[in-house]
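Student: Model the structure of this input:
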Amino acid sequence: MTSKFCAIYKKYILLIERSSTIRWDSFMRSKSFIALALIIALCAISVESAFAQNPPLQGLVWLQRESFSVGETIPIHYLVTRTADVTITVSGPTGNQNFNFRSVRGSTVLTFNGRAGQPGGWRSVTMRATASSSPRDTITAWTGFYIRGQTSAPPTFSAPA
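Tutor: All right, here's what the predicted structure looks like:
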């Protein structure tokens, strides 16, 4: 029904554009202006309600601390606003580990646990989520943490003798 109002609104604007004899002061006080204002309001409401049915996908990934010791459990928390397929990637000095979660329900905080391993140093956590329904938005969020412990030594070079 609201699309019908939008179509009427478009026709009305075309009539206004074609007419060069409209006196705007009298038009603003007329019933036509009130009708036009109502049509514009209804179009805005229809756009807003369509947006409310399928809000954009948003997400977060976070940790309660930024530093862990080797052997500690690392709870990784994540949240998406709509049902989505989620991949969490933990990247560190020894490579990447991917964790895939299908059809994660929106607006629910979820946690999975990892364990801090050697070598020590910085790690990044990246969450990539793709909405399960239309529109199929894709978002990325990230955080990081540090593992206290023995870090891998940087390579050393020596001059030939």
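Student: From here on, just use CA atoms for contacts and neighbour counts.
Tutor: Fine.
Student: From what I see, Thr130 and Gly106 are in contact.
Tutor: No - proximity of Thr130 to Gly106 does not meet the contact threshold set by C-alpha atoms under 8 Å, at 11.6 Å.
Student: any shared contact partners between the two?
Tutor: Here Thr130 and Gly106 have Ala84 as joint contacts, going by C-alpha atoms under 8 Å, 6 or more residues apart in numbering.
Student: For the two, indicate the residue with more neighbours.
Tutor: Between Thr130 and Gly106, counted using other C-alpha atoms under 10 Å, the more crowded position is Thr130 (22 against 16).
Student: State whether the more buried one is indeed within a strand.
Tutor: Yes - the assignment for Thr130, made by DSSP: H, G, I helix; E, B strand; the rest coil, places it in a strand.
Student: so what's it bridging to?
Tutor: Following DSSP bridges, Thr130 is listed with bridge partners Asp85, Thr138.
Student: can you pull the contacts of it?
Tutor: Contacts of Thr130 by C-alpha under 8 Å, 6+ apart are 84-86, 136-139.
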